[in-house]
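K.L.:
need coordinates for the below:
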Amino acid sequence: MKFLRLIWSNAQRSKLRTTLTVLSTAIALFLFCMLRTVVTSLDSSVEVADEARLVVRRSTSLIFPLPLSYAERLRQMDGINGLTWMNWFGGTNPADERGFFAQFAVDPATYFGLYPEFLLDPSEIEAFQRERTACIIGEKLAKKYGWKTGDNVTIRGTIYPGDWTFTVRGVYRAKTPDVDTSTMYFQWNFLDERMNRPGTVGVYVVRLADPNSAAATALAIDKVFANSSSETRTETEKAFQLGFVNMMGNIKGAVRIISTFVLAGFLLVAINTMIMAARERIREIAILKTLGFADDLVLRLILIESTSIALLGGLIGCFGAAGLFKVAAFGGGMFANFAVRGQTIALGLAIATGMGLASGLVPAINAARLRIVDALRAA
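P.N.:
Prediction:
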């Protein structure tokens, strides 16, 4: 601790260079946290899926519907103790055409019973079930547009054309932070009647009595509907969600590559900065050694300086990203919980510390090996 003043003085020798180094570190760690958050958000959207739920869809493509008549046959199958269905709607808010959020037409009598992670008052569910044009929205969506219970909300259809007006009858909350609260749900009956669709649904969701029977039950379901006009493909909810993530391509690999290049670029800049700083102090290092400073102490002083500069930038970058993402609405409705997590901050600070040590290692070793006579002659 008694050498902190000396380290602080050395860091202030070139204030502009130190400031730029801190800022470059902050930007690098900010970008790292942002890119890492994309990966953790994608992972959380998959991990939140319930292993006790299976998704049954058309085998040819998700865009083709299944007959409503399949519902009764699914209910009668062994190992299934819950069933619901839903349709992707695909609409936009006329007041915010670019503000994406998902809308689903769901069976009002059964849907929320299969999703206990959605927290709703029983009175809200009852109101939703009674009214044909009722809808339930997530609290994040309600906060974004200032919608509240009793408001009329108009959605402009894309797949199903026209303006659709709903009345908000409930705002659901999340049981855990990774549950999406930026979605709208409305009655499947309303969609089916208005579009004159003779009882077809997008996907079925079944709940298993025993999650360990998922593979066997999925195989049994697909076998029941094999060779029919609407063959099925049944998979776990987790596999179903993962399919959407995979549609984006190898985004995780791309993010990791970009992160590596960002951090590598910073490391080269930091190493160059510390080498220049150490080279300017050859005379001071010689004087310190003349006064009795041991080689290992000189090495530690330079490493502490480089690490402190990098760690300061890391703190600014990591906590700056966390604060910004908490205040602003990022993710565009694509991620349930687009927020910088504690483990991301910890990893970012660990990387900053490691890069600080790495950037100061070469100049620190050179300074420790420097002979007093050679240093004074060079100065």
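
K.L.:
run through who's touching stretch 129-144.
P.N.:
Outside stretch 129-144, the residues within contact range by Cβ atoms under 8 Å, 6 or more residues apart in numbering are 99, 101, 108-109, 112, 120, 124, 127-128, 147-148, 153, 165-174, 180-187, 189-190, 329. For every residue, glycine as well, the C-beta is placed using N, CA and C.

K.L.:
likewise for stretch 188-208?
P.N.:
Contacts of stretch 188-208 (Cβ under 8 Å, 6+ apart): 52-57, 62, 65-71, 74, 79-89, 105-108, 114, 132-133, 160, 164, 214, 217, 221, 237.

K.L.:
just the ones of these in helices?
P.N.:
Residues of the contacts of stretch 188-208 located in helices (DSSP state H): 70-71, 74, 214, 217, 221, 237.

K.L.:
how about these in TSV, adding distance to residue 297 and neighbour count?
P.N.:
Below are these laid out as TSV (distance: Cβ to Cβ, whole Å; neighbours: other Cβ atoms under 10 Å):
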residue	distance to residue 297	neighbour count
70	77	22
71	77	19
74	74	20
214	62	21
217	68	21
221	71	23
237	59	19
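
K.L.:
going by distance to residue 361, which of the residues you listed wins?
P.N.:
Distance ranking of those against residue 361, using Cβ to Cβ, places residue 237 first at 48.4 Å.

K.L.:
next one, pLDDT for that closest one please.
P.N.:
pLDDT, residue 237: 87.

K.L.:
who touches it in this structure?
P.N.:
Contacts of residue 237 (Cβ under 8 Å, 6+ apart): 49-51, 53-55, 205.

K.L.:
switch to 7 Å and redo it
P.N.:
Taking Cβ atoms under 7 Å, 6 or more residues apart in numbering, we find residue 237 in contact with 49-50, 53-55.

K.L.:
which of those residues tops the neighbour count?
P.N.:
residue 54 (27 neighbours; other Cβ atoms under 10 Å).

K.L.:
looking at the contacts of residue 237, spot the one nearest residue 371.
P.N.:
The shortest gap between residue 371 and any of the contacts of residue 237 belongs to residue 49, at 64.5 Å (Cβ to Cβ).

K.L.:
show me the protein divided up by domain.
P.N.:
Residue ranges for the domains of the chain, per automatic domain parsing: 4-45+249-378, 60-230.

K.L.:
direction included, what does the top strand by length along the chain pair against?
P.N.:
Selection of the longest strand in the chain by residue count, based on DSSP state E, yields strand 162-174. Strand pairing for strand 162-174, determined by DSSP bridges: strand 118-119 (antiparallel), strand 134-138 (parallel), strand 152-157 (antiparallel).

K.L.:
PyMOL command for the buried members of the contacts of stretch 129-144?
P.N.:
Selection of buried members from these for PyMOL, criterion 16 or more other Cβ atoms under 10 Å:
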select buried, resi 101+108+112+120+124+127+128+147+153+166+167+168+169+170+171+172+174+180+181+182+183+184+185+186+187+190
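
K.L.:
follow-up on the earlier one: looking at the domains of the chain, which is nearest to residue 241?
P.N.:
domain 4-45+249-378 (6.1 Å).

K.L.:
what about that closest one, average pLDDT?
P.N.:
Averaged over domain 4-45+249-378, pLDDT sits at 74.

K.L.:
before we move on, what about stretch 164-176?
P.N.:
Averaged across stretch 164-176, pLDDT comes to 94.

K.L.:
and the contacts of it?
P.N.:
Counting by Cβ under 7 Å, 6+ apart, 91, 117-120, 124-125, 127-128, 131, 133-139, 142, 147-155, 157, 181, 186 sit against stretch 164-176.

K.L.:
confirm that residue 128 sits in a strand.
P.N.:
No: read with DSSP: H, G, I helix; E, B strand; the rest coil, residue 128 is helix and lies in no strand.

K.L.:
list the contacts of it.
P.N.:
For residue 128, the contact set (Cβ under 7 Å, 6+ apart) comprises 108, 134, 136, 169-170.
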